[in-house]
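Peer 1: Predicted model and sequence below, questions to follow.
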Amino acid sequence: MSNFQRLVACVALAFVGFAADGKSAPPYAYYHAGNLTAPTPGKTAPGMMLMGGGEWAAPAFHWFVEQAGHGHIVFLRASYADDLQNGFLAEIGGATSVETIVFSDRSAASDPKVLDIVRHADGIFLGGGDQSRYVRFWKGTPLNELLDAHVRAGKPIGGTSAGLAILGAYSYGAMDGGSLKSTVALKHPLGSAVTLVRDFLHLPYLANVITDTHFAARERQGRLIVMIARLAHEEKNPAITGIGVDESSALCIDASGIGRFYTRVNGYAWLIRPMREPDGLTRGPFNFRDIPVTLIGPDSALDLKTFEVSRPVSRFSLNVVDGRFDEAALATLAGVQNLATQPAPKHWALAIHGGAGVIERSDLTPAQDAAYRAALDAALEAGATILRNGGSGLDAVEATLRVLEDDPLFNAGKGAVFTADGRIELDASIMDGSTRKAGAVSGVTRTKNPISLARAVMEHSPHVMLAGSGADQFSREQNLEQVDPSYFRTERRWKELEAWRKDQAAAIDKTHRYGTIGAVALDESGHLAAGTSTGGTTGKRWGRVGDSPIIGAGTYAADGICAVSATGTGEYFIRMSAARQVCDRIAWKGESVQSASDATIASIGGIGGDGGLIAMDGAGHIAYAMNTVGMYRGVVTSDAAASTAIYVDEKILH
């Protein structure tokens, strides 16, 4: 089926199922938005998003859209209408198109038009409602087979509430039309209300898993424990494992089976893995002691291959005696539930650098040391003021870098270095992680703040990069502040050029320490941004361009994954696609932001380059990596005051 034929078929879907008299109900409804025929912009990657219902944790959905290559997202539902789709468009975005199919009859799961939409989906998300309808409408149908095939093809799938409940190898089906309460399950573990579904979806890493939703808010710990016990006994499989996810939270599992957690409240993912059958499983009250529970939070990582949890929030045991939790268990659960349902503080973070290189304590006087730290503090405060007042990460990055561009201490704007022929040519770039839009300029000679010009290119032109006289002309047309080139001149930089002309190698070694500036930010909405600005290298010739204005080399940002700004010998950062490499290591290999940053700098060192970078992941964790003896750097977050560092052995607080 061609793209055009598919579009025609999609539009017709809204009317499918009506009889000639117009009285028959359709077996499904259809909604769509976006460009259905456009190619998928990026590469799809495997992933599973387990959402516990409630409000969306935006960074988790940003991750999901990234795994779908920013392509075509399909929502599958068995109740309601296009409210999920509308919420996605309003809060998340970033996809080429969004489609929703709402099933009202089992026949829809065999309809060729429906199957074609699902077959072409880059990402599939299952909505909430009543999971028994999913089981009745989909299990054993061609749609059921396509959902498994979608995952085998390396594309992401996710679900919230009822949509999460069916993602495990085993499911609570709610087939009796009710919603099983823990008190009932614990009193009657073999009762008819404990309806378990097998052989439905077959997702990687979830072969022994049963999931549950709205976990702490609806006190579902007891019912999940009963279902684990039932399955362990009936399947003769002690490895049956339960994963409960709290409301407004999500566990995102990547291709390597590493699960990372996101939440809008103080929620958790609950790992319950007894590895044995219960003490007693009869028609009477339930008994099960020493049930191990691990709470997974935003700083944790769950390895689904081994079910080991790094940096867990807490580990504890629960006892069920005669069909109820004992007093100790009740006290523990009450404490956790109280925390899990409270709104989480809105988190923001900002990290900056002012160049990496030969920066030793003996090189700076106490006054110079203090001056650099004061400059870093001033830049951090400019960005933090925006972020703590609910502003965007993009605004914070621009404001932060404008402060550093205006400070002659740094090799950007006012303090930029000279080219071989005694000119100053400025480069800058900026990227919005929520939209993947980017702007860059190179060889600018009269714009006071090149980072603002880069943003103007992003927002007010159809291009990504403008260079030389064209960039200068565009700057004037955008009414950005212009200065005479003499504004950028500083005596220190002129002397460095004269030293370079006498002994190029020695001067380059000396001036390398005064490098590029950069910033990365996470705002309260979960959006990432990154920016970089530089004067290049002393004595550069022939219109040389380094990594700073090149998206993917010196700057990169992708919501839910990472934001990066680099500094150093730009040619090597370009060759290694340094900024994008950090993000790819996080997205594709499941590496932490620090390990991804360290590995990227190691790869640059491996081909002879030196420098450093700052990076931030989708949860606001910050990394600094360098293979030099120093890097001007600083950080401030919603949880911690500003902290700065210069020398390689300094610890920065964040």
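Peer 2: Alright, I've got the coordinates. This one's a predicted model, so the numbers in the text were calculated from it and none came from an experiment.

Peer 1: ok so G168 is a strand residue?
Peer 2: No - using DSSP: H, G, I helix; E, B strand; the rest coil, the assignment for G168 is coil, not a strand.

Peer 1: Isn't it up against V209?
Peer 2: Yes - proximity of G168 to V209 meets the contact threshold set by CB atoms under 8 Å, at 4.3 Å. (Each C-beta comes from the backbone N, C-alpha and C, glycine too.)

Peer 1: Mutual contacts of the two, please.
Peer 2: Common neighbours of G168 and V209 (criterion: CB atoms under 8 Å, 6 or more residues apart in numbering): I243.

Peer 1: Please give the centre-to-centre distance between stretch 239-246 and its chain.
Peer 2: Offset of stretch 239-246 from its chain centre (CA atoms, centre = their mean, to the nearest Å): 23 Å.

Peer 1: Quick one: the helices in the stretch 551-654 of the chain, in order.
Peer 2: With DSSP state H, counting those that start in this stretch as the criterion, the stretch 551-654 of the chain has helices at 570-575, 578-589, 593-606.

Peer 1: Please name every helix or strand in contact with the longest one.
Peer 2: Judged by 3 or more CB pairs under 8 Å, 6 or more residues apart in numbering; DSSP states H and E, helix 593-606 is in contact with strand 562-568, helix 578-589, strand 611-617, strand 622-626.

Peer 1: Just name the most buried of these.
Peer 2: Among the helices and strands packed on helix 593-606, strand 562-568 has the highest mean neighbour count (mean count of other CB atoms under 10 Å), at a mean of 33.

Peer 1: Export only the CA atoms of it, formatted as CSV.
Peer 2: Coordinates of each C-alpha in strand 562-568 appear next as CSV, following Å, rounded to 0.1, in the frame of the first residue of the first chain:
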residue,chain,number,x,y,z
CYS,A,562,20.9,14.2,27.2
ALA,A,563,22.2,17.7,26.4
VAL,A,564,25.9,18.2,25.7
SER,A,565,28.4,21.1,25.2
ALA,A,566,32.0,20.4,24.3
THR,A,567,35.3,22.2,24.4
GLY,A,568,38.8,21.4,23.2
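
Peer 1: Where does the prediction get shaky in the stretch 551-654 of the chain?
Peer 2: 653-654 (pLDDT under 70).

Peer 1: list the contacts for the closest residue to I550 other than its chain neighbours?
Peer 2: Here the nearest residue to I550 in space, its sequence neighbours aside, is I574; by CB to CB, 6 or more residues apart in numbering that works out to 5.9 Å. Residues in contact with I574 (CB under 8 Å, 6+ apart) are G546, D547, I550, A553.

Peer 1: Which one, of the helices and strands packed on helix 593-606, ends up nearest to Y268?
Peer 2: Taking CB to CB, strand 611-617 is the member of these nearest to Y268, at 19.1 Å.

Peer 1: what's that closest one packed up against?
Peer 2: Packing partners of strand 611-617 (3+ CB pairs under 8 Å, 6+ apart): strand 349-357, strand 517-522, strand 562-568, helix 578-589, helix 593-606, strand 622-626.

Peer 1: Just send those back as a markdown table, with distance to G53 too.
Peer 2: Compiled in a markdown table, those are given as follows (distance: least, CB to CB, whole Å):
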| stretch | distance to G53 |
| --- | --- |
| strand 349-357 | 27 |
| strand 517-522 | 25 |
| strand 562-568 | 28 |
| helix 578-589 | 26 |
| helix 593-606 | 28 |
| strand 622-626 | 31 |
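
Peer 1: and T183, what helix or strand is that in?
Peer 2: Element membership of T183, judged by DSSP states H and E, is helix 182-187.

Peer 1: Mean pLDDT per helix and strand in this protein: which one sits at the bottom?
Peer 2: Least confident helix or strand of the chain, by mean pLDDT, DSSP states H and E, is helix 3-13 with a mean of 42.

Peer 1: ok, what's across the strand from the closest residue to T637 other than its chain neighbours?
Peer 2: Residue nearest to T637 in three dimensions, not counting chain neighbours: A349, with 4.2 Å by CB to CB, 6+ apart. Counting by DSSP bridges, A349 is bridged to L522, T637.

Peer 1: Please report the distance of A349 from A563.
Peer 2: For A349, the distance to A563 equals 10 Å [CB to CB, to the nearest Å].

Peer 1: now swap in S429 and tell me
Peer 2: From S429 to A563 the distance is 12 Å (CB to CB).

Peer 1: remind me which residues of the protein are low pLDDT?
Peer 2: Looking at the chain by pLDDT under 70, you get 1-25, 339-345, 505-514, 653-654.

Peer 1: center of it, which residue is that?
Peer 2: Residue closest to the average C-alpha location in the chain (CA atoms, centre = their mean): G560, at 1.0 Å.

Peer 1: OK, contacts around it?
Peer 2: P59, A60, F61, H62, W63, F64, V65, E66, G526, L528, G618.

Peer 1: from the residues you listed, which ones fall inside strands?
Peer 2: Here DSSP state E is the test, and those give L528 as lying in strands.

Peer 1: So which of the contacts of I574 sit within helices?
Peer 2: With DSSP state H as the criterion, helices contain none of the contacts of I574.

Peer 1: Most neighbours of all the residues you listed, which one?
Peer 2: Highest neighbour count within those, by other CB atoms under 10 Å: D547, with 31 neighbours.

Peer 1: Let me know whether that residue touches V564 as I believe.
Peer 2: No - counting by CB under 8 Å, D547 does not reach V564; the two are 10.9 Å apart.

Peer 1: follow-up on the earlier one: can I get the helices and strands packed on helix 593-606 in TSV with distance to T100?
Peer 2: As requested, the helices and strands packed on helix 593-606 are exported to TSV (distance: least, CB to CB, whole Å):
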stretch	distance to T100
strand 562-568	30
helix 578-589	26
strand 611-617	30
strand 622-626	37
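
Peer 1: L186 is nearest to which of these?
Peer 2: strand 611-617 (39.5 Å).

Peer 1: how far is that closest one from where the chain is centred?
Peer 2: Centre-to-centre, strand 611-617 and its host chain are 16 Å apart (CA atoms, centre = their mean).

Peer 1: That one pairs with which strands?
Peer 2: Applying DSSP bridges to the sheet, strand 611-617 is found paired with strand 562-568 (antiparallel), strand 622-626 (antiparallel).

Peer 1: Using a markdown table, lay out those together with distance to S192.
Peer 2: Formatted as a markdown table, the strands paired with strand 611-617 follow (distance: least, CB to CB, whole Å):
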| stretch | distance to S192 |
| --- | --- |
| strand 562-568 | 49 |
| strand 622-626 | 52 |
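
Peer 1: between those, which gets nearest to I359?
Peer 2: I359 lies closest to strand 622-626 among these, at 9.8 Å (CB to CB).

Peer 1: CA-only coordinates of the closest one in PDB, if you can.
Peer 2: C-alpha atoms of strand 622-626 as PDB (Å, rounded to 0.1, in the frame of the first residue of the first chain):
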ATOM      1  CA  ILE A 622      25.200  16.100  35.400                       C
ATOM      2  CA  ALA A 623      28.500  14.800  34.100                       C
ATOM      3  CA  TYR A 624      31.900  16.400  33.500                       C
ATOM      4  CA  ALA A 625      34.600  14.600  31.500                       C
ATOM      5  CA  MET A 626      38.000  15.800  30.400                       C
END
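
Peer 1: Kind regards, and thank you for your time.
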